[in-house]
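1. the amino acid sequence is not available; the structure is as follows:
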């Protein structure tokens, strides 16, 4: 037991340290064949049957190399007698399909040494050499009958370099395969690095070096939900309106320090220390009457025309009776949709009502203001349809300045 445990640990360690292995099949073929060879007319040899055998090493699914020996006993064509023919050659082969496919078409090329016998002389050139170097190209196919047996047929053209001869051979053979599976090292995929440990790989982290534990978006940058340029972690005033100028704490600027942020301040540059109302104007306005207007708008629209003048005239009549009053037309929405869009739409609707009040109903424009509050001042729950309907409203807040 004391010996087995260290051996098991060593084997496990070795297996963990070994790169991933990819398996592929190598094949050795023995290729006996019979063929028919047509010799160039210069050789003075008749067409003849040829026997041979090849040893092929298929080291890759598409590539192989083959050594071939072939021989024939060829009759002389123009004189009596015959001649022994022997050749040794080496060919390279490219297969268009893998060993697992039934049909394996291929092309090949190679070179070899041919011996045409001592008594073979060219009838055109007496005394020519009976040995010759030949190069060749060929094409054929292998049909796999089983994993170990296949049929091979090919057509090959030879070119003798010494006397510029051209010979042709067609052959058919039976091949016997000896397969083995080999493993080759394949590098394991490397995990992408993440130097700041924010969960976003360095190769697409647009904000490297973020603080540990900080929530980031898909680009590796700290989240800024209200888009004011100050990350959530440091934003003391979340949900500021889009486009508003903010300080380094994410809060809207108040340039004249009157307690009303710039986006809501209708009277910029008020005197330091002066009392101002909700619009940032000096003097404090007190709302003495709030009239809720039953004004309906088409979906996503702020157009009302003169259809609701009778409803709006209630406000005009009150203001004509009390000339010292002013009015704020306040637009409100429910919480469906983006908050900034709701504020924008409620502002446009409030302005539409204010325009009807000043243009058609004769109230002086300096007594009328319009403010869109969006979804920020609900009077009912936005969780129900009835509550959302109550929140979609326009109010006329009639005020007296003290």
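-> Received the coordinates, thanks. All figures in this text were calculated on a predicted structure; none of them were measured in a lab. Numbers count the residues shown, from 1 in each chain.
2. switch to C-alpha atoms for all contacts and neighbour counts from now on
-> OK.
3. where does pLDDT dip in the stretch 51-200 of the chain?
-> Residues of the stretch 51-200 of the chain that meet the criterion pLDDT under 70 lie in 118-129, 183-189.
4. how about 80 then?
-> 78, 117-130, 182-192, 194-200 (pLDDT under 80).
5. strands of that one, start to end?
-> 63-75, 82-95, 103-115, 131-144, 149-160, 165-186 (DSSP state E, counting those that start in this stretch).
6. redo those as JSON lines? Include mean neighbour count and distance to residue 368.
-> Listed next are these as JSON lines, based on neighbours: other CA atoms under 10 Å; distance: least, CA to CA, whole Å:
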{"stretch": "strand 63-75", "mean neighbour count": "19", "distance to residue 368": "89"}
{"stretch": "strand 82-95", "mean neighbour count": "19", "distance to residue 368": "88"}
{"stretch": "strand 103-115", "mean neighbour count": "18", "distance to residue 368": "90"}
{"stretch": "strand 131-144", "mean neighbour count": "19", "distance to residue 368": "94"}
{"stretch": "strand 149-160", "mean neighbour count": "19", "distance to residue 368": "98"}
{"stretch": "strand 165-186", "mean neighbour count": "16", "distance to residue 368": "78"}
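7. so which of these comes closest to residue 365?
-> strand 165-186 (79.8 Å; CA to CA).
8. and the next helix or strand after that closest one, what does it pack against?
-> Using DSSP states H and E, the helix or strand that follows strand 165-186 towards the C-terminus is strand 285-293. Strand 285-293 sits against helix 309-321, strand 394-401, with contacts defined as 3 or more CA pairs under 8 Å, 6 or more residues apart in numbering; DSSP states H and E.
9. pLDDT score for the residue nearest the centre of the chain?
-> The residue lying closest to the centre of the chain (CA atoms, centre = their mean) is residue 204, at 12.9 Å. For residue 204, the pLDDT comes out at 81.
10. what does the one 4 residues further on give?
-> In the prediction, the pLDDT value recorded for residue 208 is 81.
11. make a markdown table out of the strands of the stretch 51-200 of the chain and add distance to residue 41.
-> What follows is those, written out as a markdown table (distance: least, CA to CA, whole Å):
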| stretch | distance to residue 41 |
| --- | --- |
| strand 63-75 | 13 |
| strand 82-95 | 15 |
| strand 103-115 | 16 |
| strand 131-144 | 15 |
| strand 149-160 | 12 |
| strand 165-186 | 8 |
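12. out of those, which is closest to residue 352?
-> strand 165-186 (71.0 Å).
13. identify all contacting residues around that closest one.
-> 19-40, 42, 147-160 (CA atoms under 8 Å, 6 or more residues apart in numbering).
14. what angle do it and strand 149-160 make?
-> Here strand 165-186 runs at an angle of 130 degrees relative to strand 149-160 (axes from the mean of the first three to the mean of the last three CA atoms, to 10 degrees).
15. domain ranges for the protein?
-> 23-185, 285-401 (automatic domain parsing).
16. okay, those in TSV with distance to residue 235 next?
-> Listed next are these as TSV, based on distance: least, CA to CA, whole Å:
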stretch	distance to residue 235
domain 23-185	52
domain 285-401	18
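17. compare the ones you listed and report which one is nearest to residue 266.
-> domain 285-401 (9.5 Å).
18. look up how far residue 104 lies from residue 225.
-> Counting by CA to CA, to the nearest Å, the separation of residue 225 from residue 104 is 62 Å.
19. about what we covered before: look up how far residue 31 lies from the residue nearest to the centre of the chain.
-> 56 Å.
20. next: residue 272.
-> Note on residue 272: its distance to residue 31, by CA to CA, is 105 Å.
21. looking at those two, which has the bigger crowd around it?
-> residue 31 (22 against 9; other CA atoms under 10 Å).
22. part of a helix, is residue 386?
-> Yes. Residue 386: assigned to a helix according to DSSP: H, G, I helix; E, B strand; the rest coil.
23. neighbours of it, how many?
-> Counted with other CA under 10 Å, the neighbours of residue 386 add up to 11.
24. SS state for residue 389?
-> helix.
25. tell me the spacing between the residue nearest to the centre of the chain and residue 82.
-> Residue 204 sits 78 Å away from residue 82, going by CA to CA.
26. now swap in residue 317 and tell me
-> Counting by CA to CA, the gap from residue 317 to residue 82 is 133 Å.
27. low-confidence stretches in the stretch 201-350 of the chain?
-> 202-203, 205-206, 209-220, 222-230, 232-236, 238-245, 248, 250, 252-288, 295-307.
28. run the last query once more with 90
-> 201-312, 319, 321-325, 332-337, 339-342, 345-346, 349 (pLDDT under 90).
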